[in-house]
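[1] Predicted model and sequence follow; I will ask about them next.
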Amino acid sequence: MKLVYAIVRDDNEDGVLTQLTQHHFSITRLATTGGFLRKGNVTLMIGAEDDKVQEVINIIKKECGEHRKITVNMPYLAGASLMSYATMPTTVEVGGATIFVVNVDHYEKI
């Protein structure tokens, strides 16, 4: 038995949850925040038998394809006027997922 931790963007949450549920995987969802863009993420904890882990990863890959996004990061300068600073749009890669797979020593559903 394995526990798959998948950190995905909020944008991809519905697709991932729908597909994993349709394939009968048990999922626990945790709302998390992080990353360069400081946007919402979802951390999914997915229980899977050893031979089903690759199926879980494939579903996540399919639903969380990477794409580019243009963003403007505003500088934070305490007490300074932002009007005197020029901001430049930055292209960043978004999407994708971070996946951890760990062994489970004991599993019990009550």
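    Arrived safely.
[2] any idea where the strands of this protein begin and end?
    2-9, 26-34, 39-48, 67-72, 89-94, 97-103 (DSSP state E).
[3] Can you mark which positions in the longest one are buried?
    For strand 39-48, the neighbour count (16 or more other Cβ atoms under 10 Å) marks N41, V42, T43, L44, I46, G47, A48 as buried. Just so you know, the C-beta spots here come from the backbone N, C-alpha and C atoms, and that holds for glycine as well.
[4] what do you get for stretch 16-30?
    In stretch 16-30, counting by 16+ other Cβ under 10 Å, buried: V16, L17, Q19, L20, F25.
[5] Give me the contacts around the longest helix anywhere in the chain.
    The longest helix of the chain (DSSP state H) is helix 10-22. With Cβ atoms under 8 Å, 6 or more residues apart in numbering as the test, helix 10-22 has contacts from 6, 8, 27, 29, 39-42, 44, 46, 56, 59-60, 62-64, 94-95, 97.
[6] then it to CSV, C-alphas only?
    The C-alpha coordinates for helix 10-22 follow below in CSV (Å, rounded to 0.1, in the frame of the first residue of the first chain):
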residue,chain,number,x,y,z
ASP,A,10,-6.8,25.0,-7.6
ASP,A,11,-7.4,25.4,-11.3
ASN,A,12,-6.8,21.6,-11.8
GLU,A,13,-8.6,20.4,-8.7
ASP,A,14,-12.0,19.5,-10.2
GLY,A,15,-10.6,17.5,-13.1
VAL,A,16,-8.2,15.5,-10.9
LEU,A,17,-10.8,14.8,-8.2
THR,A,18,-13.4,13.8,-10.8
GLN,A,19,-11.0,11.4,-12.6
LEU,A,20,-9.6,9.8,-9.4
THR,A,21,-13.1,9.3,-8.0
GLN,A,22,-14.3,7.7,-11.2
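[7] Give me the distance between it and the centre of its chain.
    Averaging C-alpha positions (Cα atoms, centre = their mean, to the nearest Å) puts helix 10-22 11 Å from its chain's average.
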